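> Sharing a model prediction with you, sequence too.
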Amino acid sequence: MYVQPDVCNGCGYCVVNCPFGVIERNPDDGRAFKCTFCYDRQRDGLSPACATACPTESIKFGEIEELREEARERIANLRDKGFDDVHIYDPVDSSVGGIHAFFITRGDPKSYNLPPNPDVPTVHLRKAWTSAGLAALCMVAGAFLAFGKGRD
Ligand code: SF4
Ligand code: SF4
């Protein structure tokens, strides 16, 4: 997702709905912002600045399937060395459906501020609308009862 600063009106919906909590609002003008994957550099055929500058190549940029393969090899290598708690954080099987960026982590993803089971908020809509419908029905029934008693 690329936040277009010239179009964003600062409504904040994306901030509260982001399953990863990465979008914030600029306190000066209220507009949303997040990492752009260096969209401007990529347009000029360059890699993102962080991936270019990282001296240990901890941040990598490239074709996602090639990077996944590299990550799998890295995990196997680390496990051979006794690091049994290493994982790839790549929520492709969640309702989010993948994030086009992934991490090699150790232990609980929450210690990296990564939600273990991220969900897009719309998967909860059905439950929310059902609850709202039931609440409305109860209110209508209550009003009829009160009205009926008043007439008696
Ligand atoms: S705050 Fe987020 S949802 Fe609202 S207009 Fe800006 S980018 Fe869109
Ligand atoms: S330097 Fe890295 S973190 Fe910053 S906007 Fe570019 S891709 Fe995102």
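Structure's in. What do you need? Since we're looking at a predicted model, the values are computed, not measured. Ligands and ions are numbered 1, 2, ... in the order given.

> May I see the domains of this structure written out as residue ranges?
Per automatic domain parsing, the structural domains of the chain span 56-119, 120-152.

> phi, psi of Gly133?
In terms of degrees, to the nearest 10, the main-chain angles of Gly133 are phi -60, psi -40.

> count of residues packed around it?
Gly133: 10 surrounding residues under other CB atoms under 10 Å. From N, CA and C alone the C-beta is placed, and that goes for glycine too.

> Strands of the chain, start to end?
24-25, 32-33, 86-89, 103-106 (DSSP state E).

> Pull up the residues of this protein that are close to ligand 2.
Proximity of the chain to ligand 2, by CB under 6 Å from any ligand atom, involves residues Cys35, Thr36, Phe37, Cys38, Pro48, Ala49, Cys50.

> Could you tell me which of the residues you listed count as buried?
Buried residues within those, counting neighbours by 16 or more other CB atoms under 10 Å: Phe37, Cys38, Pro48.

> Give me the lowest-pLDDT entry from those.
Lowest pLDDT of these: Phe37, 92.

> I'd like to know how far it sits from Pro19.
18 Å (CB to CB, to the nearest Å).

> Next: Ala143.
Distance, Ala143 to Pro19, using CB to CB: 38 Å.

> So between those two, which is more surrounded?
Taking other CB under 10 Å, Ala143 and Pro19 do not tie; Pro19 has more neighbours (16 against 10).

> isn't the more buried one right up against Asp119?
Yes. With contact defined as CB atoms under 8 Å, Pro19 reaches Asp119; the gap is 5.9 Å.

> what do these two both touch?
Val96 (CB atoms under 8 Å, 6 or more residues apart in numbering).

> So what touches stretch 11-23?
1, 3, 24-25, 30, 32-35, 96, 99, 113-115, 118-121.

> so of these, which ones are in helices?
For the contacts of stretch 11-23, not one is inside helices, with DSSP state H as the criterion.

> related to what we said a few turns ago, the buried ones among the residues of the chain next to ligand 2 in helices, which ones?
Among those, no member falls in helices (DSSP H).
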